[in-house]
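Engineer: 3D model of this:
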Amino acid sequence: MTGPKSPPNADPIARLEDLTVQFTAGGPPVRAVNGVSLSLAQSEILCIIGESGSGKSVTLRALMRLLPERRTKLTGKIEIDGQNVLSLTPRALRNLRGGVVSMVFQEPMTALDPVYTVGAQIAETVRRHKGGTAQAARARALELLELVGVPSAKRRLDAYPHELSGGLRQRAMIALALSCGPRLLLADEPTTALDATVQIQVLLLLRRLRDEFGMAIIFVTHDLGVAAQIADRIAVMYAGRIVEEGPVAEVLGNPLHPYTRGLLASDVDSVPAGEPIAAIAGAPPDLRALPPGCSFAPRCHLAVDACVEAVPGIWRRDEHHMARCIRAEARAELPHEEGVYDA
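Structural biologist: Residues are numbered from 1 along each chain as shown. The predicted model follows:
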């Protein structure tokens, strides 16, 4: 499933260059993101996948500068819609959030304000960025709830978040994020707490909204099935680094990095009933004391001495598909179906 693509020479809507995020709340700094570089074209959907603690959500929050400034050190470059996010004034940053880039959070029950109705929260956002009367803002809130498929939308305008089901809260959160027509939507595991039927509905909704409005989406998930359904391109994160990136069909169909292959081998949906799951051995590294060289080397039985001597450079199968692994080139032609991870 792929959507409309921007012209080849079009400027990206978002660009990260060597982004590093460190948390410094006493003790050794936590290096949550380590030199991430990404770009996103208009109307493109990029999925960032990886285990919990790999830096996916931190990267999204860094894009909007939502991390606590006193305890966070950001270096590198973040550019959205031609604006250098790290140099924006507080006022310019408020205009960017919601107006240019919006976020759908993982758990809308904690993201939505419990003491205001859903309609009031959407209307307030509309008036903050677009102006107009309270009546016009409320009409826009109703239009948005109907757009995202909330049944009995007029009645739900005056509902509080706790009065809605998980699926309806997530739709309301999406309506809030779309209220000012952002060019970039950040979705932080928006389907994790939803049942399978509602999950599919939300994915279809996001793709339809992308097609209708031409906005780009960065979608964070740990679910490979979700990534396969919605992504145009996938970036695989491990220990704060992008270890593989490429078109969804190539990354999931013929991955280059042992970590990506391990994720695919341990996906419960791909294992026949009754068969053991080939889980990746070990645990992710401590981000306060990353191992030398490749961070995945302690868990990778394909590792050699050179893997721990230096952080692997980028090897490219072509201009679209890359991996950070010294053995990527040698293994690039091996089909995943033949158990490459275990070979």
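
Engineer: when you work out contacts or count neighbours from here on, use the C-alpha atoms and nothing else.
Structural biologist: OK.

Engineer: roughly how far is stretch 127-137 from the heart of the chain?
Structural biologist: Stretch 127-137 sits 30 Å away from the centroid of its parent chain (CA atoms, centre = their mean, to the nearest Å).

Engineer: how many neighbours does Thr89 have?
Structural biologist: Using other CA atoms under 10 Å, Thr89 is surrounded by 10 other residues.

Engineer: show me the strands in the stretch 1-150 of the chain, by range?
Structural biologist: Counting by DSSP state E, counting those that start in this stretch, the stretch 1-150 of the chain has strands at residues 14-23, 30-40, 45-49, 72-80, 83-84, 101-104.

Engineer: now do the stretch 201-343 of the chain
Structural biologist: Using DSSP E, counting those that start in this stretch, strands in the stretch 201-343 of the chain cover 216-221, 233-238, 241-247, 315-316, 322-323.

Engineer: now those as CSV including distance to Gly181?
Structural biologist: Output for the strands of the stretch 201-343 of the chain, formatted as CSV (distance: least, CA to CA, whole Å):
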stretch, distance to Gly181
strand 216-221, 11
strand 233-238, 23
strand 241-247, 27
strand 315-316, 36
strand 322-323, 33
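
Engineer: tell me which of the strands of the stretch 1-150 of the chain sits nearest to Leu203.
Structural biologist: Evaluated over the strands of the stretch 1-150 of the chain, closeness to Leu203 peaks at strand 45-49, with 11.5 Å, by CA to CA.

Engineer: just the buried positions in the closest one, please.
Structural biologist: Across strand 45-49, burial judged by 16 or more other CA atoms under 10 Å covers Ile45, Leu46, Cys47, Ile48, Ile49.

Engineer: kindly report the same for stretch 153-163.
Structural biologist: Buried residues in stretch 153-163, defined by neighbour count with 16+ other CA under 10 Å: Ala153, Lys154, Arg156, Leu157, Ala159, Tyr160, Pro161.

Engineer: what pLDDT is listed against the second one?
Structural biologist: Pointing back at Lys154 there. Per-residue confidence (pLDDT) for Lys154: 94.

Engineer: pretty sure it is touching Leu142, no?
Structural biologist: Yes. Counting by CA atoms under 8 Å, Lys154 does reach Leu142; the two are 6.2 Å apart.

Engineer: among the buried residues of stretch 153-163, find me the one that's closest to Phe23.
Structural biologist: Nearest member of these to Phe23, counting by CA to CA, is Pro161, at 31.8 Å.

Engineer: check contacts around the closest one.
Structural biologist: By CA atoms under 8 Å, 6 or more residues apart in numbering, the contact set of Pro161 is Met109, Leu112, Asp113, Pro114, Thr117, Val118, Arg169.

Engineer: can I get the helix or strand harbouring the last one as PDB, trimmed to CA atoms?
Structural biologist: Looking back up the chat, that one is Arg169. In this assignment (DSSP states H and E), Arg169 forms part of helix 166-178. Presented in PDB, the C-alpha positions along helix 166-178 are these (Å, rounded to 0.1, in the frame of the first residue of the first chain):
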ATOM      1  CA  GLY A 166     -10.600   4.000  23.700                       C
ATOM      2  CA  GLY A 167     -11.300   4.000  20.000                       C
ATOM      3  CA  LEU A 168     -13.400   7.200  20.100                       C
ATOM      4  CA  ARG A 169     -10.800   9.000  22.300                       C
ATOM      5  CA  GLN A 170      -8.200   8.100  19.800                       C
ATOM      6  CA  ARG A 171     -10.400   9.500  17.000                       C
ATOM      7  CA  ALA A 172     -11.000  12.700  19.000                       C
ATOM      8  CA  MET A 173      -7.200  13.000  19.500                       C
ATOM      9  CA  ILE A 174      -6.700  12.700  15.800                       C
ATOM     10  CA  ALA A 175      -9.400  15.300  15.200                       C
ATOM     11  CA  LEU A 176      -7.600  17.600  17.600                       C
ATOM     12  CA  ALA A 177      -4.300  17.100  15.900                       C
ATOM     13  CA  LEU A 178      -5.900  17.800  12.500                       C
END
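
Engineer: who's in contact with His257?
Structural biologist: By CA under 8 Å, 6+ apart, the residues touching His257 are Val243, Glu244, Ala323, Arg324, Cys325, Ala328.

Engineer: now do stretch 294-306: distance to the chain's middle.
Structural biologist: Per CA atoms, centre = their mean, the displacement of stretch 294-306 from the mean C-alpha position of its chain is 26 Å.

Engineer: go on, stretch 252-265?
Structural biologist: Here the centre of stretch 252-265 is set off from its chain's centre by 18 Å, with CA atoms, centre = their mean.

Engineer: ok, stretch 166-186 next?
Structural biologist: Worked out by CA atoms, centre = their mean, stretch 166-186 lies 15 Å from the chain centre.

Engineer: out of the strands of the stretch 1-150 of the chain, which one sits most buried?
Structural biologist: Among the strands of the stretch 1-150 of the chain, strand 45-49 has the highest mean neighbour count (mean count of other CA atoms under 10 Å), at a mean of 27.

Engineer: now do the helices in the stretch 151-300 of the chain.
Structural biologist: Per DSSP state H, counting those that start in this stretch, the stretch 151-300 of the chain carries helices over the ranges 153-156, 166-178, 196-213, 224-230, 248-253, 258-265.
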